[in-house]
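Chemist: how does the following fold in three dimensions:
(one chain, ligands or ions: 1)
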Amino acid sequence: MSRIFNFSAGPAMLPEEVLQQAASEMMDKDGSGMSVMEMSHRSKFYQKIIDEAEADLRKLLNIPENYKVLFLQGGATLAFAMIPMNFMVNGKIDVINTGVWTKKAIKDAKLYGEVRVVADGEPNGFKTIPDLDSIKFNKDADYVYMCDNNTIYGTKYPKYPNVGDLALINDMSSCFLSEPIDVSKFAMIYAGAQKNVGPAGVTICIIREDLLARTPRNPLPAYLDYRIHAENGSMYNTPPTYGIYICGLVFKWLLAHGGLEERKRVNEEKAKILYDYLDHSKIFKPYADKANRSLMNVTFRTLSEEMDAEFLEGAKKYRFTNLKGHRSVGGLRASIYNAMPIEGVKALVAYMKEFEEAHL
Ligand SMILES: Cc1ncc(COP(=O)(O)O)c(C=O)c1O
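Modeler: Below is the predicted model:
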């Protein structure tokens, strides 16, 4: 076995213990005589898996009773459309624009009504989260939409906006379960699983019941109606069974290793190692504004595109992969989600030092 440090923004590393458990259960899960992949989603074996996954997620995040937990498909991208389809009942929403992922959500929401960008990070290349205290939200907004951790630029909200009585919807795809959060601040949280939680193909949605009860302006096709998924315990159709099982194993791994408080501590420690180095380096420059830095995606660059390319080439020697920045901003990016061990971060910084010394 030869595992490497994979700094991918997603799909990303999973905890080794989880992969090993999945491997050990591949041929026979709990005496069922079959792999989870082969199980009917209507079987008692599978019902136990999805029930435990939901119960463990509720425990991890302390999810209040009046929220539904859904395991769906279609990625965060389908949610960009489903959210306005389901919840834009009066046809007006407020959005805080923090990059590519909110822009895509804005584009889809515009198909269903008026989108008011109430704060915009674009003028400074999305290096900062806009000033949250000066935002004036519109009282008639069906909801306020935000993206917590901006995977491409490496920014993260330093706190949450005060939206008063308005419903706040948060795309947490790239920071979900990286630290504790107060779920009750949000009407809906959602995340694609493939960064911190499991394989691609599962989208986790946590939706407050009063938001769910809003009647969409138009009847919706069944799969696109969140209420139908909620009424059917994520089993209206065949759910992404194996992906949910892996998410469930990751939830158990998180619970067994100190829960989200401990994850936050470790994630802060990992990110600090990289940022401290970046802040003092003569050739590596951090991209995101210091006050809005992500613990999950550390974005930086060297003195030139040629040097970035040389750095990536040299990384191969240590078998570090996926350190290239997103194509829309270029540069370099190290995604250090929950499953990236601290040794991976230390090894990366050791390589950066070696590279820097060779270029001074
Ligand atoms: C914050 C955020 N939102 C949305 C998406 C889109 O997710 P998906 O590809 O699962 O649709 C991504 C993908 O990287 C993301 O990082």
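Chemist: use CA for all of it now, contacts and neighbours both
Modeler: Will do.
Chemist: so which residues of the stretch 51-200 of the chain form helices?
Modeler: 75-87, 100-109 (DSSP state H, counting those that start in this stretch).
Chemist: tabulate the ones you listed in CSV, adding columns for mean pLDDT, distance to Glu356 and mean neighbour count.
Modeler: Output for those, formatted as CSV (pLDDT from 0 to 100; distance: least, CA to CA, whole Å; neighbours: other CA atoms under 10 Å):
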stretch, mean pLDDT, distance to Glu356, mean neighbour count
helix 75-87, 98, 38, 21
helix 100-109, 98, 31, 20
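Chemist: please identify which of these is closest to Cys205.
Modeler: helix 75-87 (9.1 Å; CA to CA).
Chemist: spell out which parts of this protein neighbour the ligand.
Modeler: Residues of the chain found near the ligand (CA under 6 Å from any ligand atom) are 75-77, 101, 149-151, 173-174, 192.
Chemist: wait, Lys29 touches Val36, no?
Modeler: Yes. With contact defined as CA atoms under 8 Å, Lys29 counts as touching Val36 (6.4 Å).
Chemist: what's the span of stretch 287-307, first residue to last?
Modeler: Stretch 287-307 has an end-to-end distance of 16 Å (CA to CA, to the nearest Å).
Chemist: rewinding a little: more crowded one of Lys29 and Val36?
Modeler: Using other CA atoms under 10 Å as the criterion, Lys29 and Val36 rank with Val36 on top: 24 against 17.
Chemist: so what's that one up against?
Modeler: By CA atoms under 8 Å, 6 or more residues apart in numbering, Val36 lies in contact with 26, 29, 46, 241-242, 245.
Chemist: swap in Pro158?
Modeler: Contacts of Pro158 by CA under 8 Å, 6+ apart are 291-292.
Chemist: okay, it: pLDDT?
Modeler: For Pro158, the pLDDT comes out at 97.
Chemist: okay, now the unreliable bits of the stretch 151-300 of the chain?
Modeler: Along the stretch 151-300 of the chain, no part satisfies pLDDT under 70.
Chemist: brain fart, the stretch 1-150 of the chain
Modeler: If you take pLDDT under 70 as the line, the stretch 1-150 of the chain has these spans: 1.
Chemist: now do the domain split for the chain, please.
Modeler: For the chain, the structural domains run 17-256, 258-359, going by automatic domain parsing.
Chemist: got the end-to-end distance for the first one?
Modeler: Distance between the boundary residues of domain 17-256 (CA to CA) amounts to 11 Å.
Chemist: repeat for the last one
Modeler: Distances were taken as CA to CA; on that basis the terminal residues of domain 258-359 are 41 Å apart.
Chemist: ok, and what's touching stretch 176-189?
Modeler: 61-64, 167-172, 191, 196-197, 205-208, 211, 260-261, 263-264, 267, 337-338.
Chemist: how much space separates the residue nearest to Ala288 when sequence neighbours are not counted from the ligand?
Modeler: Once flanking residues are discounted, Ala288 sits nearest to Lys127: 4.6 Å by CA to CA, 6 or more residues apart in numbering. When distance is defined by CA to the nearest ligand atom, to the nearest Å, Lys127 is 15 Å away from the ligand.
Chemist: wait, what's in contact with Lys127?
Modeler: 121, 153-155, 287-289.
Chemist: out of these, what pair is the most spread apart?
Modeler: It's Gly121 and Tyr287 that sit farthest apart of the contacts of Lys127, by CA to CA, at 13.9 Å.
Chemist: which one of these two has more residues nearby?
Modeler: Between Gly121 and Tyr287, counted using other CA under 10 Å, Tyr287 has the larger neighbour count: 23 against 16.
Chemist: thanks again, I'm all set now.
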